[in-house]
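Student: this one's structure only:
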């Protein structure tokens, strides 16, 4: 059974990804044509030495591919950890009387803080990759 918090978390993440994808969709369609046209003009103007610039652009493309895969893996970890934290908070709220009676506030607070620290660490690693991967 999914809770309301989990459903809202899933929907907000999906909408955010869809919004980013729709912003970049025209660029994805036009990028190969622009690359070929630019390289043709560059080859016409410069000659064979234009291959150095083209190879550099292809190297950056490979870097972008692997960076995006790494960011996607980190983002997946963040989503899983955030879902775990939301589930823990819901369980704490459902059992708050038992927790108060047995004085387990510190223990459960530490559990939630630990998961929150892991989420913050994943966000920090994502920030090192740059804004375009998040």
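Tutor: Received it, and whenever you're ready, just let me know what you need. Predicted, not measured: the structure shown is a model, and the values here were computed from it. Numbers count the residues shown, from 1 in each chain.
Student: avg pLDDT for the longest helix along the chain?
Tutor: The residue-count maximum for a helix in the chain (DSSP state H) belongs to helix 50-94. Helix 50-94 carries an average pLDDT of 88.
Student: now that helix, how far from the chain's geometric center?
Tutor: Per CA atoms, centre = their mean, to the nearest Å, the displacement of helix 50-94 from the mean C-alpha position of its chain is 4 Å.
Student: packing partners of that helix?
Tutor: For helix 50-94, the packing partners by 3 or more CB pairs under 8 Å, 6 or more residues apart in numbering; DSSP states H and E come out as helix 4-46, helix 105-129. (C-beta placed from N, C-alpha, C; glycine too.)
Student: return the most buried member of these.
Tutor: Neighbour counts (mean count of other CB atoms under 10 Å) averaged over each of those peak at helix 105-129, with a mean of 13.
Student: what helices or strands is that one leaning on?
Tutor: Under the contact criterion of 3+ CB pairs under 8 Å, 6+ apart, helix 105-129 touches helix 50-94.
Student: taking helix 4-46 as reference, get the angle to the helix it packs on.
Tutor: Inter-element angle recorded for helix 50-94 and helix 4-46: 170 degrees (by axes from the mean of the first three to the mean of the last three CA atoms, to 10 degrees).
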